[in-house]
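Undergrad: need coordinates for the following:
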Amino acid sequence: MLKNYLKIAARNLRINRTYTLLNVTGLALGISGSILIFIFLQYHLSFDRHQSNHDRLYRVVLDLHLDEGLEYESGSSIPLGPALARDFPQIEKAGLIGKIPDATFSAEKNNETKRFLEKANTVYADQNYLEMFDFDWLSDFDASVMKEPSTVVISDKIAEKYFGKTDVAGEILRLNNSVDLQIAGVFKNHSHPTDLDFEILVSLPTLKIMDPEYDQLQFGWISSRNFTFVRLAPGSDIEQLKNLVLRNGSKYYGKEAKYYEHKFQPLAEVHFDEKYDGKIKKSIVWILAGVGTFLLLIACINFINRRKKSAGRYKATAFLAIHERNCFNHSLILCAIVAYCGSIYSVHEQSDTDESISF
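TA: Got it, this is the predicted structure:
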C-alpha cells in the first residue's frame, strides 16, 4: 500500500509541478518562520536559568518615592547587601558587583606591552558574588582571595587575548594605568545566555585604591553601576522578607526612609523587567509565541486544504482518493507536530560578542 501511495504522490508532482511547488514552498516558509521565532523565544527565556540556585537568587532593586513621582532604580549602595544578610536570617548570602565602564588594561606578552580597552565587561566583585553564582574554573580556586585588594579573575577568552594562553595565574594586569592586579583565577567563558556576562572581575577592596573618596559605608550613595544580589534560604517567604526590609528602612536611611522601598527581583526576571533596565518585555515574548504558533497552524491548514481541493481533479477510484487524502493529512499533521516540538528544544546558544578593543 505504501508503494501505491508513493506512486500516486510522484504522479501528482509531475502533473502539477508549479502548483505543488507553490504549495510546498508556502508550508516550508511557514514552518521555517515558526522555528526561527521559537529559537528566539528559547534564547530569551533561558537567560540565567542555568544557575544551580536560580530559583533562590534575587537582585535587590529600589523604588524611589520622590515628591515629583516614582522612580525605578536597579542599582544599590555598597553596604546594603552585608546589612541585609546581617539583619535577616532569610538571606543566606549577599553579594555585589559594580560596573567599571571603559576600563583600560595593559599586559606583558612576549616582552611587549599590550593595551586593551574593555567597554562593558569589567566589574568590581566581592567574595560572596563568586560563591553565589556558578563559575567553571580551569584550576582550583578559593573565592576568599577576593577579600584582598589588587586581585582579579578573568575568563579564558580574555586570558587568550591578553597572554596567548590560559595558564596565567600570578600574571599582572595594570588597570587604568594606575593599579597592578594579580590574576588569581581563570574561568571558562560563559556558554549560556546571561545578563551577567562579565569577563574581568576585580576584587571589591581595590575600589578603595582606585577611588579613595568613595564612601563604601554610606547607604545613601546609591549607584546605577552597583548591583546587590541575595540568595535566600530554602522555604523563605519573599513577600514577608520584603515587608520586613521595608519596616527596617529607618535603620539604613534614617528620616528619609519613607522615600526608599527595596524589592527583590527574581534572577530569571532581570532580563525582562524594563523598569529596572531589562532587555525585553515578557509580554513581547508571549506575543511572539502566539505569532509563531499561529503561523505554523495557518501554514499546515492551508497546505492540507489545498491538497483536499486538488484531490478532486484526479481521476482515481474513490477508495484511493480517500486513502490519499488520509495519508497526506495524517502525514502533514505528524510533520507539523514534530516540527513544533523540535523548534521548542532547538539550540539557543549564541556566540558571545567581543566588546573589547586592543591598541
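Undergrad: tell me which element residue 81 is part of?
TA: Per DSSP states H and E, residue 81 falls inside helix 80-87.
Undergrad: next SSE downstream of that helix?
TA: That would be, after helix 80-87 and using DSSP H and E, strand 91-99.
Undergrad: could I get the full set of strands for this structure?
TA: 57-66, 69-73, 91-99, 103-109, 112-118, 122-125, 151-155, 172-175, 179-187, 200-203, 226-232, 260-266, 356-358 (DSSP state E).
Undergrad: export the helix holding residue 81 to CSV, keeping only CA atoms.
TA: Extracted in CSV, the C-alpha atoms of helix 80-87 (Å, rounded to 0.1, in the frame of the first residue of the first chain):
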residue,chain,number,x,y,z
LEU,A,80,23.2,47.3,51.6
GLY,A,81,24.0,43.6,50.9
PRO,A,82,26.0,43.0,54.0
ALA,A,83,23.4,44.8,56.1
LEU,A,84,20.5,42.7,54.8
ALA,A,85,22.4,39.4,55.3
ARG,A,86,23.2,40.5,58.9
ASP,A,87,19.7,41.6,59.8
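Undergrad: got the contact list for that helix?
TA: 60, 91-96, 128, 219, 228-230, 245, 248, 251-252, 262 (CB atoms under 8 Å, 6 or more residues apart in numbering). (Each C-beta comes from the backbone N, C-alpha and C, glycine too.)
Undergrad: just the buried members of those?
TA: 60, 91-96, 128, 219, 228-230, 245, 248, 252, 262 (16 or more other CB atoms under 10 Å).
Undergrad: buried residues in stretch 250-269, which are they?
TA: Those would be 252, 257, 260-268, for stretch 250-269 by 16+ other CB under 10 Å.
Undergrad: stretch 211-218 too?
TA: Within stretch 211-218, no residue is scored as buried using 16+ other CB under 10 Å.
Undergrad: which residue comes closest to residue 205 once chain neighbours are left out?
TA: residue 149 (4.1 Å; CB to CB, 6 or more residues apart in numbering).
Undergrad: got the domain ranges for the protein?
TA: As assigned by automatic domain parsing, the chain contains the domains 2-46+282-344, 54-270.
Undergrad: show me where pLDDT drops low in the chain?
TA: 1, 9, 12-13, 16, 306-359 (pLDDT under 70).
Undergrad: surely residue 134 and residue 52 touch.
TA: Yes. Using CB atoms under 8 Å, residue 134 is in contact with residue 52, at 5.6 Å.
Undergrad: more neighbours: which of these two?
TA: Neighbours around residue 134 and residue 52, counted as other CB atoms under 10 Å, are more numerous at residue 134. The numbers are 13 against 10.
Undergrad: check the gap between residue 215 and residue 74 for me.
TA: 21 Å (CB to CB, to the nearest Å).
Undergrad: and residue 41, by the same measure?
TA: For residue 41, the distance to residue 74 equals 24 Å [CB to CB].
Undergrad: then residue 99?
TA: Remark: distance between residue 99 and residue 74 (CB to CB) = 11 Å.
Undergrad: check residue 30 too.
TA: Distance from residue 30 to residue 74, by CB to CB: 39 Å.
Undergrad: quick one: which of the two has more around it?
TA: Just comparing residue 30 and residue 74: by other CB under 10 Å the higher neighbour count belongs to residue 30, 23 against 20.
Undergrad: report the contact partners of that one.
TA: With CB under 8 Å, 6+ apart, residue 30 has these contacts: 295-296, 298-300, 302.
Undergrad: cool, residue 252 as well?
TA: Residue 252 touches 80, 83, 219, 260, counting by CB under 8 Å, 6+ apart.
Undergrad: over to residue 218?
TA: So residue 218 contacts 77, 79 (CB under 8 Å, 6+ apart).
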